[in-house]
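Peer 1: test case, fold it:
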Amino acid sequence: HLELDNPLHRDTVQTFWDSPRMAHKPGLKAVELFHAIESGKVKAVWIIATNPLVSMPDADQIKRALAKCRLVVVADIVQNTDTNDFAHVLLPALGWGEKDGTVTNSERCISRQRAFLAPPGEALPDWKILALFAQRMGYKGFDFRSAHGVFTEHARLSAFRNAPADVPRSFDISGLAGLNAREYEDLAPTQWPVRRLASGALQVEQRLFADGQFAHADGKARFIATPVRAPLHALSDEYPLSLNTGRVRDQWHTMTRTGKAPTLADHTAESFVDMHPQDALLYGVREG
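Peer 2: Numbers count the residues shown, from 1 in each chain. Next up, the predicted model:
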């Protein structure tokens, strides 16, 4: 909820973290990143919870980049994926039902997520993998012992300099910063912002912008007009049809999360192309 290109916002985070340096511009986006890897500008990549060799465009380019990269680290919950075949280091992470922490939905409601499966083997949660790596690199400030500790720091940062005369922002969970381990464990679903009043009671704001003021310095909303841009490859007499990728009901992403469940394969056994009957009749396409 802070802007990377705003010097005051950067200083807020840097001061809170007591960090010697802060990034001042965004890193490479995914497609740009893999082009930089192939050209040798980026020599190490750490891929977490995704399978870019399947999910990104131009799979051949992704494959060339990973094959040339000097260090490929992948954190995943399964051993065998297309991307993992290129990994020099494979870190076992926890799956959804093995994780402990919080999740926030689109109506700003924070809910406790409690693990219902034990961690398999040497698998660790993402926060712990990153914290242990940072500690071994010699960085301070990563001595978290639990998801509760990470949550507490997040809550404290949301309150830091969060005042109308300083760096005001809607996101504020300062009221949850002082939870002890038992209170965090028993946390009921809570909508942010949530602040603690002088009386000790929690103040929750159900509706944002109800006063007609939006999250900009002048209080006004922003409308962005986006001009229509035609597809790069327009339809023609030679190529009269366009295909769009889609999802099937019971599978997720590249099936790394769902492909091992036999029941989920019962609905759709194999990949398919779906066409409008009128197009199929016009172009002589038959079932199968």
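
Peer 1: what separates the residue nearest to residue 44 when sequence neighbours are not counted from residue 185, distance-wise?
Peer 2: The spatial neighbour of residue 44 that comes closest, neighbours along the chain excluded (Cβ to Cβ, 6 or more residues apart in numbering), is residue 71 at 3.9 Å. In short, each C-beta sits where N, CA and C put it, glycine included. Distance check for residue 71 against residue 185: by Cβ to Cβ, to the nearest Å, it reads 38 Å.

Peer 1: pretty sure the residue nearest to residue 44 contacts residue 45?
Peer 2: Yes: using Cβ atoms under 8 Å, residue 71 is in contact with residue 45, at 7.4 Å.

Peer 1: the more surrounded of these two?
Peer 2: A direct count of neighbours by other Cβ atoms under 10 Å for residue 71 and residue 45 places residue 45 higher, at 20 against 11.

Peer 1: following the helix or strand hosting the more buried one, which helix or strand shows up next?
Peer 2: Element membership for residue 45, per DSSP states H and E: strand 44-48. Counting by DSSP H and E, the next helix or strand C-terminal to strand 44-48 is helix 52-55.

Peer 1: elements contacting that following helix?
Peer 2: For helix 52-55, the elements it packs on are helix 59-68, judged by 3 or more Cβ pairs under 8 Å, 6 or more residues apart in numbering; DSSP states H and E.

Peer 1: hey, C-alpha coordinates of the helix it packs on in PDB?
Peer 2: Provided in PDB are the C-alpha atoms of helix 59-68 (Å, rounded to 0.1, in the frame of the first residue of the first chain):
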ATOM      1  CA  ALA A  59       8.100 -21.700 -23.900                       C
ATOM      2  CA  ASP A  60      11.100 -22.300 -26.100                       C
ATOM      3  CA  GLN A  61      12.600 -18.900 -25.000                       C
ATOM      4  CA  ILE A  62      12.000 -19.800 -21.300                       C
ATOM      5  CA  LYS A  63      13.700 -23.100 -21.900                       C
ATOM      6  CA  ARG A  64      16.700 -21.500 -23.600                       C
ATOM      7  CA  ALA A  65      17.000 -19.000 -20.700                       C
ATOM      8  CA  LEU A  66      16.900 -21.600 -17.900                       C
ATOM      9  CA  ALA A  67      19.300 -23.800 -19.800                       C
ATOM     10  CA  LYS A  68      21.900 -20.900 -19.900                       C
END
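
Peer 1: tell me where the model's unsure across the protein.
Peer 2: Across the chain, nothing is flagged by pLDDT under 70.

Peer 1: distance between the ends of stretch 194-212?
Peer 2: This stretch, stretch 194-212, spans 20 Å end to end (Cα to Cα, to the nearest Å).

Peer 1: can you give me the buried ones in that stretch?
Peer 2: For stretch 194-212, a neighbour-count test (16 or more other Cβ atoms under 10 Å) marks 194-195 as buried.

Peer 1: chain center to it, what's the gap?
Peer 2: Centroid separation for stretch 194-212 versus its chain: 27 Å, with Cα atoms, centre = their mean, to the nearest Å.

Peer 1: again with stretch 39-56
Peer 2: Between the mean C-alpha location of stretch 39-56 and the chain-wide mean there is a distance of 15 Å, by Cα atoms, centre = their mean.
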